[in-house]
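Q: Just a sequence and a predicted model for now, questions to come.
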Amino acid sequence: MQQRPYNILFHTHTVSGIVICVALYVIFFTGSFSFFRDEITNWQRDEQPAVIDAIPEDVDGLIATIGKSHVLKHRDIEISRYYNEKRINVNMGAVQDTLVPEEQRGGIFFSLNPEDATEHTYEESYGLGEFLYRLHFLDQIPYPYGRFLAGLVAFFFLFAIITGILVHWDKMVKNFYVFRPWAKLKTVWTDAHTALGVIGFPFQFMYAVTGAFFLLKAIFVFPSVIGLYNGDESKLYDELEYNHPVFPPEGEPLEGKASINPLIQRTKQEWPGFQVQEAHIFNYGDANMHVAISGHLEPSRKLNSSGHVIYRMSDRSVVSSLNPETNDRYLDGVKNLLFRLHFGDFGGTALRVIYFVLGLISCFVILSGILIWVSARDKKNVPDRKRRFYRAVGHWYLAICLSMYPVTALSFILVKAFPDSGRSFLYLIYFIPWGILSALFILKKDNAFTNRQCLLWGGILGLMVPVVNAIFSGNWIGTNLARNFHDAVLVDVLWIVLGLFSLWLVFFKLKKRITPPVA
Amino acid sequence: MPANKKYLTKSPWQRFAKISAAILGSWLVTVLLHLALAGWFDRQTVLITSTYSTFILWAALMILAFLGKNGWKVWLIYFLVSVVLFGIFILGITLYPEN
């Protein structure tokens, strides 16, 4: 590549990277843990859901339960499973009937434990898994600013990895085999940054694109809505089939029983292996009651297999249907893959473990990028004032990024020690220690110290996670294995592996690396 | 090892022109290209493709804008391309309003 484009690409890579790096690190670090969002939730609650990837079989029973505390008649009711937790989601539309008292008419959302029939608000259901998942798109910053910021970070990340790979293009094959861990520190970081950046490129590219889509789609949606649909946003979502069809209520009661279970059984007989993720009931108990059953096949059988069927309750006839076994529509394929690829939920636990490791590797690429940036500017020909500034930026960035590790381990311990902890508790135990620890490391102004202490305390606290879990829930890994609570086992084992790995780094790797004087 | 400053834009106006063309100009071209396609071809297909193609194209055009020698020239090119694409889009939705 010629000198001019090379230097321009290099500079844009540097600037975009150094601007987004802290937010990007937060996103990748918490995002890696979010692959186990549901496992963390189940570990925290000491639960193991019996059914996963589908709503429970007995929907009529669930509706009867809901009916004890809510008005059902002529209302839209949606029962769905987003997360593999014991609790399922219930979403109820507004009541049309004016005879019902006004305070019972509004639409509501809650989660329902099908086993003990308890209802929980979103606030009550907020656990550590949810917290880390939300932090992954900066959702603790008020909506829509946090998500928009995270979207911009995702997009500039896309820009940074494309410019990064272009800068490295000519040397890619030659440098792929170059790793000089015994050389001076800056070359270690450079080699790690480029080698791991190249290996991780397809993974990171997919994340940058899908992440930008989830959070930043509004800036492309609004021109389409204005240009193609005269400003009517719901028409766009109709076109892309995100909306349910509309079945106006007749106001007359339904003749016969409003039974949904037989319809689900019929669907499953027709499409063996169909996982029902959502049952959407239109106008419950009304003469024009309809039921939409949607879901997909197991991803191991067919990756793109979205399907649905809508029944009219009065004569149990099929109003519309989309067969998951034959559905190869481009529309459904794209809609499905954007989420599947991002969530990594199509290849079982093993795939998510690989994704988790790749996510942490991306964190390492970000950190090494910061270190390259600092050491490239720490030279004699750079004015002292500027050098101090660059170094300070490095101290700040590393302090904020690295202290997340011990703070996250601590949060796992504290949610076990204080079980009935909701959202504000999590904000308290995560953001305050994170702030204090970052401030201390910033004042200490020693990157090697920050790195060592964070790995050390992250490791120690991490190893304590299974112990604390055992003390407060009474269940060791063996007990959980015996009673098939594999989500709890996964979280405990995850922390043992992370803890041992970081302590190994601290005691066997870090020392050698830091003692020789940096040339 | 920071980039050699010799090759970077120094004038603040040029930098402003380049950065604005890279972010806004590229966004404009991306939006209008997709609208133009949606005006002529199957809307559903174009729109669902745009979920991923917009961000990739936007980033690619951004890089091109930074590589340009004159930021105002980049703006001029992106603006002219946008006008042409807008024309194609309007023609498309006039000819095939129910696409």
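A: Looks like it came in fine. Since this is a predicted model, take the numbers as computed values, not measurements. Numbers count the residues shown, from 1 in each chain, chains lettered A, B, ... in the order given.
Q: quick one: low-confidence ranges for the stretch 101-250 of chain A?
A: Along the stretch 101-250 of chain A, the model assigns pLDDT under 70 to residues A:181-182.
Q: Which residue ranges of it form strands?
A: Using DSSP state E, counting those that start in this stretch, the strands of the stretch 101-250 of chain A run over A:108-113, A:118-120.
Q: Next, the buried residues of the last one.
A: By neighbour count, and taking 16 or more other C-beta atoms under 10 Å in any protein chain shown as the criterion, the buried residues in strand A:118-120 are residue A:119. The C-beta positions use only the backbone N, C-alpha and C, and glycine is treated the same way.
Q: That one - contacts with which helices or strands?
A: Counting contacts by 3 or more C-beta pairs under 8 Å, 6 or more residues apart in numbering or on different chains; DSSP states H and E, strand A:118-120 is packed against strand A:108-113.
Q: Who does the strand it packs on pair with, and is each partner parallel or antiparallel?
A: Strand A:108-113 pairs in its sheet with strand A:88-92 (antiparallel), strand A:118-120 (antiparallel), by DSSP bridges.
Q: Could I get those strands in JSON lines, plus columns for distance to residue B:96?
A: Output for the strands paired with strand A:108-113, formatted as JSON lines (distance: least, C-beta to C-beta, whole Å):
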{"stretch": "strand A:88-92", "distance to residue B:96": "38"}
{"stretch": "strand A:118-120", "distance to residue B:96": "50"}
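Q: and residue A:454, what helix or strand is that in?
A: Assigned by DSSP states H and E, residue A:454 belongs to helix A:447-473.
Q: Give me the residues contacting the following helix or strand past that helix.
A: Later in the chain than helix A:447-473, the nearest helix or strand by DSSP H and E is helix A:477-482. With contact meaning C-beta atoms under 8 Å, 6 or more residues apart in numbering or on different chains, helix A:477-482 is reached by A:466, A:470, A:486, A:488-489, A:492-493.
Q: go on, stretch A:424-436?
A: A:126-128, A:131, A:135, A:140, A:400, A:403-404, A:407-408, A:410-411, A:414-415, A:418, A:421.
Q: sorry, back to before: possible to save the strands of the stretch 101-250 of chain A as TSV with distance to residue A:395?
A: Shown next, in TSV, are the strands of the stretch 101-250 of chain A (distance: least, C-beta to C-beta, whole Å):
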stretch	distance to residue A:395
strand A:108-113	43
strand A:118-120	43
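Q: The nearest residue to residue B:40 once chain neighbours are set aside - how many residues pack around it?
A: Nearest residue to residue B:40, sequence neighbours excluded (C-beta to C-beta, 6 or more residues apart in numbering or on different chains): residue B:92, at 4.2 Å. Residue B:92: 18 surrounding residues under other C-beta atoms under 10 Å in any protein chain shown.
Q: wait, what's in contact with residue B:92?
A: Residue B:92 sits next to B:36, B:38-40, B:99 when contact means C-beta under 8 Å, 6+ apart.
Q: what separates residue A:499 from chain B, distance-wise?
A: 36 Å (C-beta to the nearest C-beta, to the nearest Å).
Q: what about that residue, how many residues close to it?
A: 21.
Q: doesn't residue A:463 make contact with it?
A: Yes - contact criterion C-beta atoms under 8 Å: residue A:499 and residue A:463 qualify, at 3.7 Å.
Q: Get me the contact residues on the stretch 151-300 of chain A for chain B.
A: Applying C-beta under 8 Å from any C-beta of the partner chain, one finds that the stretch 151-300 of chain A approaches chain B through A:155, A:158-159, A:162-163, A:166, A:208-210, A:212-213, A:216-217, A:219-220, A:223-224, A:227-228, A:236, A:239-240.
Q: returning to what we had before: just the contacts of stretch A:424-436: which are in helices?
A: Residues of those located in helices (DSSP state H): A:128, A:131, A:135, A:400, A:404, A:407-408, A:410-411, A:414-415.
Q: which of the contacts of residue B:92 lies closest to chain A?
A: Minimum distance to chain A across these is 5.9 Å, recorded for residue B:38 (C-beta to the nearest C-beta).
Q: Between all of the ones in helices among the contacts of stretch A:424-436, which two are at the greatest distance?
A: Farthest-apart pair in those is A:400 and A:415; separation 22.3 Å (C-beta to C-beta).
Q: More neighbours: those two, which one.
A: residue A:415 (25 against 21).
Q: Okay, the residue lying closest to that one once chain neighbours are set aside and residue A:450: tell me how far apart.
A: Of all residues not flanking residue A:415 in the chain, residue A:128 sits nearest, at 4.8 Å (C-beta to C-beta, 6+ apart). From residue A:128 over to residue A:450 the distance is 25 Å, taken as C-beta to C-beta, to the nearest Å.
Q: repeat for residue A:424
A: Residue A:424 is 29 Å from residue A:450, by C-beta to C-beta.
Q: Near chain A, which residues of chain B are found?
A: Residues of chain B lying near chain A by C-beta under 8 Å from any C-beta: B:1-4, B:6-8, B:27, B:30-31, B:34-35, B:38, B:43-45, B:47-52, B:54-56, B:58-60, B:62-63, B:66-67, B:89, B:93.
Q: So which of those sit within helices?
A: The members of the residues of chain B next to chain A that map onto helices under DSSP H are B:27, B:30-31, B:34-35, B:38, B:43-45, B:47-52, B:54-56, B:58-60, B:62-63, B:66-67, B:89, B:93.
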